[in-house]
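1. My questions concern the predicted model and sequence given below.
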Amino acid sequence: MDLRDYLRVFRAHWIGMILITLLGVAVAFGWTLLQPKVYTADASAIVQANMTGDTGDTKLGAATAGDTLATARVKTYVALGASRAVADGVIKDLGLGITPDKLVKQVTVTNIADTTTLKVSADAETPAKARDLAEAWVRSMGAEVNRLETAAADPGAKGIVFLSPIDSALLPDEPSSPNTKLALALGALIGLALAVGYGLLRYTLDRRIRSIEQVEREIGKPVVGTIPDEKTFSVDNRLLPFDGGNSEASDKAHLFGISEAMRELRTNLQYIDVDNPPRIIVVTSPLPGDGKSTISSNLAVTLASSGQPVVLIDGDLRRPMVSTVFGLPKGAGISDVLAGRATITEVAQRFGDGQLLVVTAGKVPPNPSEMLGSERMRDLLKAIAREAIVIIDAPPLIPVTDAAVLSHSADGAIIVGTVGKTTYEMLSRSVHNLERAGARTLGIVLNRVPQRGAGAVYFGYQYHGDYYRDDSSPLPSGEVRRESFHRPETAQAR
């Protein structure tokens, strides 16, 4: 994965990733509410030496010796601060009902670097208890130091080294634990890590079509067209008008995106082999329901609207749909021609401005594969291709072999896959079925590309209805015209 893939993962799953991150913060905040509050108070004391002298030199020497002695003792007193003897003194002083071992765990004694100062930090469940514990600990340490240095019973007696309090403890304003800010930061960090893992897992495990680059990388075939998902392009209204969807009088603004995509597909097919462009094209799909009949019908309309003679043949003799798309009566068709009951001129129905001839399926035969792979079918296609471009709507590739058989007699096949439904394995198997039949895969058409939302960003752009208009019409202020993924159409192709 490169940086663009990571950005697409975030843009496609950003809502879920943000929710997971917020959930991490919420869990951390809930954890802080469940934890007991602990307050910390600090008191400090200094280790001093009781050294005196009469003259100036004697005082200076005594002070130097005292500092050296105090510095040597301070490390020892840090360890003394964690002793049960000091804890016993505090328990007696404050009248606590706790064992010395447990009380020691509530106090930390440290030495401030390069000084003889000791810092006592005491933890308790209330501010007052924390303050009293810190001050009592300093007093008990001082008494224990005097006892060790003087070996006297008088607690007020000072030895050559003694502990002198500096600052009394203050009431803490807020609890030291739980640290809400730190907990929230860690919760957000953990939530973010889980969110990234969630996005990458979705990306890795989801084998459905999500991007053009991934299709071409996985399948090794070019994507020659992307058809936007238009909800108003329903079963009863899924055929482009012969003006290409550009007529203002047609009042079908929702067709601008689809008509532009079909013109893009038409142009890309012309550029597949400039010296020998395909004349017989099979349109198929991995499984039923991918929209192959709609795309083959509109491809035929788009080719015919550019002035080229086109013959559309419904080669799906198992589940014919072309007659439904065009609203034609179900009568004689290609099966009758192959059976010798009619000629192609008798069953072909002229549509639109006369450049398009539609040949329906006719009567459904018991042996579709044998009929479509017959010598008569191959001769018929060659004869028609001399006069017109032939578009064949074929059955799906995975359930039956009809499309592979037909593609062997054609110049190549287009495989239609549905974004968010068709998997890479389905596409790969479809291409493999064509290759086993000795057929050529011209390219892949991605159908029902989301126009907005998370799914649309995988394609690097989003469809917007206001964009699709005749090139001569001005765009609204601030709107940018979409760049095509494929080679732009030439004036001749238009």
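-> That came through, no problem. Numbering: from 1, shown residues only.

2. mind checking the SS state of D353?
-> Here D353 is recorded as coil under DSSP: H, G, I helix; E, B strand; the rest coil.

3. same deal with V445?
-> strand.

4. Bridge partners for it, pull those for me.
-> Taking DSSP bridges as the rule, V445 bridges to G225, V416.

5. For the stretch 201-350 of the chain, just list every one of the strands.
-> Along the stretch 201-350 of the chain, counting by DSSP state E, counting those that start in this stretch, strands occupy 223-228, 280-284, 310-314, 349-351.

6. scratch that, the stretch 1-150 of the chain
-> Using DSSP E, counting those that start in this stretch, the strands of the stretch 1-150 of the chain run over 39-49, 107-111, 117-124.

7. just so I know, which of those lies nearest A261?
-> Closest to A261 of the strands of the stretch 1-150 of the chain is strand 39-49 (Cβ to Cβ; 66.9 Å). Bear in mind the C-beta positions are built from the backbone N, C-alpha and C, glycine included.

8. what's the angle from that closest one to strand 107-111?
-> In terms of direction (axes from the mean of the first three to the mean of the last three Cα atoms, to 10 degrees), strand 39-49 departs from strand 107-111 by 40 degrees.

9. picking up where we left off before, nearest to G340, out of the strands of the stretch 201-350 of the chain?
-> Using Cβ to Cβ, the strands of the stretch 201-350 of the chain put strand 310-314 closest to G340, at 17.0 Å.

10. Quick one: list the elements packing against the closest one.
-> Helices and strands touching strand 310-314, by 3 or more Cβ pairs under 8 Å, 6 or more residues apart in numbering; DSSP states H and E, are helix 292-305, helix 322-326, strand 356-359, strand 389-393.

11. still on that earlier bit, including mean neighbour count, could the strands of the stretch 1-150 of the chain go into a markdown table?
-> Shown next, in a markdown table, are the strands of the stretch 1-150 of the chain (neighbours: other Cβ atoms under 10 Å):
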| stretch | mean neighbour count |
| --- | --- |
| strand 39-49 | 21 |
| strand 107-111 | 18 |
| strand 117-124 | 21 |
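
12. Please produce TSV containing those strands, extended by mean pLDDT and distance to V215.
-> Shown next, in TSV, are those (pLDDT from 0 to 100; distance: least, Cβ to Cβ, whole Å):
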stretch	mean pLDDT	distance to V215
strand 39-49	90	60
strand 107-111	92	62
strand 117-124	92	61
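
13. Of the ones you listed, which is nearest L163?
-> strand 39-49 (5.0 Å).

14. starting at the chain centroid, how far to that closest one?
-> Relative to its chain's centre, strand 39-49 lies at 54 Å (Cα atoms, centre = their mean, to the nearest Å).

15. in its sheet, what does it sit against?
-> strand 117-124 (antiparallel), strand 161-167 (antiparallel).

16. Could you dump the ones you listed into a markdown table and include distance to T99?
-> Formatted as a markdown table, these follow (distance: least, Cβ to Cβ, whole Å):
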| stretch | distance to T99 |
| --- | --- |
| strand 117-124 | 16 |
| strand 161-167 | 24 |
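
17. Can you say which of those is nearest to S407?
-> Of all those, it is strand 117-124 that lies closest to S407, at 78.7 Å by Cβ to Cβ.

18. hang on, the earlier thing: with distance to L380 added, can I get the strands of the stretch 1-150 of the chain in a markdown table?
-> Shown next, in a markdown table, are the strands of the stretch 1-150 of the chain (distance: least, Cβ to Cβ, whole Å):
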| stretch | distance to L380 |
| --- | --- |
| strand 39-49 | 92 |
| strand 107-111 | 94 |
| strand 117-124 | 93 |
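
19. which residues in the stretch 351-494 of the chain form helices?
-> Using DSSP state H, counting those that start in this stretch, the helices found in the stretch 351-494 of the chain span residues 368-372, 375-385, 402-408, 424-436.

20. just those helices: most buried one?
-> Of all the helices of the stretch 351-494 of the chain, helix 402-408 has the most neighbours on average by mean count of other Cβ atoms under 10 Å, namely a mean of 26.

21. And for it, what's in contact with it?
-> For helix 402-408, contacts defined as Cβ atoms under 8 Å, 6 or more residues apart in numbering pick out 282, 284, 315-318, 368-369, 372-373, 377, 392, 394-397, 413, 433-434, 436-440.

22. Alpha carbons of it, as PDB, please.
-> Presented in PDB, the C-alpha positions along helix 402-408 are these (Å, rounded to 0.1, in the frame of the first residue of the first chain):
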ATOM      1  CA  ASP A 402     -22.500 -19.000 -23.400                       C
ATOM      2  CA  ALA A 403     -20.500 -15.800 -23.100                       C
ATOM      3  CA  ALA A 404     -17.100 -17.500 -23.500                       C
ATOM      4  CA  VAL A 405     -18.400 -19.300 -26.600                       C
ATOM      5  CA  LEU A 406     -19.700 -16.100 -28.100                       C
ATOM      6  CA  SER A 407     -16.500 -14.200 -27.200                       C
ATOM      7  CA  HIS A 408     -14.500 -16.800 -29.200                       C
END
